[in-house]
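Student: Need coordinates for the following:
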Amino acid sequence: MFKRIKVSYLLIMVLLLCSGALSAQRVQFNASVSGNDVATGEPFRVTFAINGNGSRFTPPDFTGFQILSGPNVSSSITSINGNTTVSNSYSYDLVAVKEGILTIGSAFIMVDERRLNTNPIRIRVSKGQPMQQNSQQQQQRQEEMIQDNAEDLSKALLLRAEVNKTNVYQGEQILLSYKLYTRAGIVDSRVDKLPDLNGFWTEDVKNQPQQVQWRTETYKGLKYNVADVKQMILFAEHSGDIKINPFEMTFIVRVAAPARDIMEQFFGSYKDVKYAVKSIPVVVHVKPLPEAGKPAGFSGAVGKFSIQARLDKKELKANETLNYSVKLTGSGNIKLINALNVNLPADFEKYDPKVTDTIKEEANGVRGNRTYSYLLIPRRQGNYTIDPLEFSYFDTSTKKYVTIATKAFAVKVNKGLVENNVTAFSDADQKDIKKLDKDIRSIKTGNAGLNKIGERFYGSQGYWLLLLSGPVLCALAFGFRNRNRKINSDVVRVKNRRAGKVAARHLANAQKQLAAKNTAAFYEAIFKGLYGYLSDKLNLAVADLNKESIVDGLKDREIGDQLITKLLETLDLCEMARYAPVTQLSELEVLEKAKGIINEIEDEIK
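Tutor: Below is the predicted model of the structure:
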């Protein structure tokens, strides 16, 4: 026994002396599989090997495969003629769950601040035995990932919800950040429950880095690696105390384990454990907007804004078009601002404005500009004035109402083409004829082209048919108009009828994003398509949609529990995919699943 211990220590000394040779060696990181042609249900192994030491190994996304075991880590040391090499490998036992040409993506590892990656591997999968989801190996792996000492892990892994303000006014924007604090290695994670942000209008922070940005922070006297899991901007919809419910996640954490022999003492030993965490609820105190000093035209804008207007021309003719645009710039609840109240002269015809948004949702708030473009048509000649447009908002920094206004515009409208004078022509046999208010023409000479008696249209069969067709067409038009009014008066029925078209438009956009390989926009389009469809189908505002209202609404329409569960799983999957990679289904499967859910609801709903 003493001899074995002596030999082991000698081996350790040799490794330390040869560390210079190892660092000088060129490090390679490769991937290999036990077979490129497999059948569904047939286990095979993929190995990621590095001829050196690396850190922060990141496995690929095994989409289309089921993991039976792994990562299985092994190390080897080889010494030939005084040259010592160290090799490490990470292997997974997989089975394919579907047929076709599947790809195992690239794995990543860090070596001396350099990031190495393997090449993707293509696997041809043929039809085989169906895969049992609860195989004995999978059960054994689940049993191995037991709950560790909760008291120890509670200090090593935290999930905190933080808001930049806890006392706000109604409509004031709040930044909500879910932060992950860790002092342990994280192997995998999943979202268990997203918070129900009832009472808030929410906007996700956009343009965040694809890779998690880690930083170091001290919390309760301990240093942690910290990353923002999710960030949202909230706008309180009513006053009072509003609670932000917990955000729940489950992590697979790699922790140290007792060494079983001297080699494990040198290289280290670890085990993977499952640990569930959730954030502590946060209460936001929302104050109502003050009544004192509230302007008559106040429409609920909260933040800080500026306004300017532009007219594309100041002189035109009657019945010509005039473009009047109003640009509202600032930060706050700009997306919740309704159409502006534009006062125009009585002789100006106005159409509904075209609204264009250039708005960013960032960590420092929602900011940007919204432009309202109005098409105006003056109908009469004259000199007119477009009065200044007033806009009122509540400034949270000064806690006062502010009214701003655009400048006035003078518009000169000349006589239009319809009213223009037309000068008649003159020839050698006639005097010059001028037209004043009426069209006077010369007497026509020669063949006047008169009809003979009996050949006139008046009194003919065609005349009477044409005469009778007027009242008939009028009656049909009247009936058609009343029918349309009756159909469109039922708002619920109209929204229900257009639900499928709204969903189809979003799903078509999702297919475009999928082709462009824009994963974040793809899942957002799927999420908006399902939410817009449910909003119209259940006659609920999007702000009122949550899991409870969706379930209640579908059950009232006699939708089966299995279909409801499938819908909720898809919504959670799309929400989770905004900040964490999804491995359960491919994007194409998610798209087809969303289409299938909508078709099944259309078939079952009554």
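Student: longest helix anywhere in this protein?
Tutor: As assigned by DSSP state H, the longest helix anywhere in the chain is helix 461-489.
Student: Can you name every helix or strand that that one contacts?
Tutor: Other helices and strands packing on helix 461-489, by 3 or more C-beta pairs under 8 Å, 6 or more residues apart in numbering; DSSP states H and E, are helix 491-515. All C-beta atoms are positioned from the backbone trio N, CA, C, and that covers glycine.
Student: tell me the mean pLDDT over the helix it packs on?
Tutor: For helix 491-515, mean pLDDT is 72.
Student: One more: stretch 566-573?
Tutor: Averaging pLDDT along stretch 566-573 yields 80.
Student: which of the residues in it are buried?
Tutor: Neighbour-count burial for stretch 566-573 flags Leu567, Thr570, Leu571, Leu573 (criterion: 16 or more other C-beta atoms under 10 Å).
Student: Can you classify the residue nearest the centre of the chain by secondary structure?
Tutor: Among the residues of the chain, the one closest to the centroid is Glu524, at 3.0 Å (C-alpha atoms, centre = their mean). Per DSSP: H, G, I helix; E, B strand; the rest coil, the local secondary structure of Glu524 is helix.
Student: From Glu203, how far out is it?
Tutor: 12 Å (C-beta to C-beta, to the nearest Å).
Student: just Cys574 next, same as before
Tutor: When Cys574 is compared with Glu203 (using C-beta to C-beta), they lie 16 Å apart.
Student: Those two: which has the busier surroundings?
Tutor: Set Cys574 next to Glu203 and count neighbours by other C-beta atoms under 10 Å: Cys574 wins out with 23 against 17.
Student: For the more buried one, which residues are in contact?
Tutor: Taking C-beta atoms under 8 Å, 6 or more residues apart in numbering, we find Cys574 in contact with Tyr523, Glu524, Ile526, Phe527, Leu530, Val590.
Student: Let's see that with 10 Å instead.
Tutor: 510, 522-531, 582, 590, 594 (C-beta atoms under 10 Å, 6 or more residues apart in numbering).
Student: my guess is Leu340 meets Pro388, correct?
Tutor: No: using C-beta atoms under 10 Å, Leu340 is not in contact with Pro388, being 11.9 Å away.
Student: what's the nearest residue to Gln308 if we skip its chain neighbours?
Tutor: Spatially, and ignoring its direct neighbours in sequence, Gln308 is nearest to Lys327 (5.4 Å; C-beta to C-beta, 6 or more residues apart in numbering).
Student: May I have the strands that pair with the helix or strand hosting the one you found, each with its orientation?
Tutor: Using DSSP states H and E, Lys327 sits in strand 322-332. Counting by DSSP bridges, the strands paired with strand 322-332 are strand 303-311 (antiparallel), strand 365-378 (antiparallel).
Student: ok, then the element right after the first one?
Tutor: Spelled out, it's strand 303-311. strand 315-317.
Student: Equivalent analysis for the longest one, please.
Tutor: Later in the chain than strand 365-378, the nearest helix or strand by DSSP H and E is strand 382-386.
Student: Let's see that next one as PDB, backbone CA atoms only.
Tutor: Provided in PDB are the C-alpha atoms of strand 382-386 (Å, rounded to 0.1, in the frame of the first residue of the first chain):
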ATOM      1  CA  GLY A 382     -59.600  81.100 -48.300                       C
ATOM      2  CA  ASN A 383     -57.000  82.000 -45.700                       C
ATOM      3  CA  TYR A 384     -56.900  79.600 -42.800                       C
ATOM      4  CA  THR A 385     -55.000  79.000 -39.600                       C
ATOM      5  CA  ILE A 386     -54.200  75.600 -38.000                       C
END
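Student: After that strand, which helix or strand is next?
Tutor: Of the helices and strands lying after strand 382-386 in sequence (DSSP H and E), the nearest is strand 390-395.
Student: sorry, back to before: quick check: neighbours shared by Leu340 and Pro388?
Tutor: With C-beta under 10 Å, 6+ apart, Leu340 and Pro388 have common neighbours Ile307, Ala309, Thr406.
Student: Identify, from these, the entry nearest to Pro288.
Tutor: Nearest to Pro288 among the shared contacts of Leu340 and Pro388 is Ile307, at 25.2 Å by C-beta to C-beta.
Student: Could I get the phi/psi values of the nearest residue to Ile601 once chain neighbours are set aside?
Tutor: In this structure, Ile601 finds its nearest non-sequential neighbour in Ile559, 6.3 Å apart by C-beta to C-beta, 6+ apart. Reported as degrees, to the nearest 10, the phi and psi values for Ile559 are phi -90, psi 140.
Student: List the contacts of Ile559.
Tutor: Neighbouring residues of Ile559 by C-beta under 10 Å, 6+ apart: Ile550, Val551, Gly553, Leu567, Glu600, Ile601, Glu604, Ile605, Lys606.
Student: and Ala339, what helix or strand is that in?
Tutor: Using DSSP H and E, Ala339 falls within no helix or strand.
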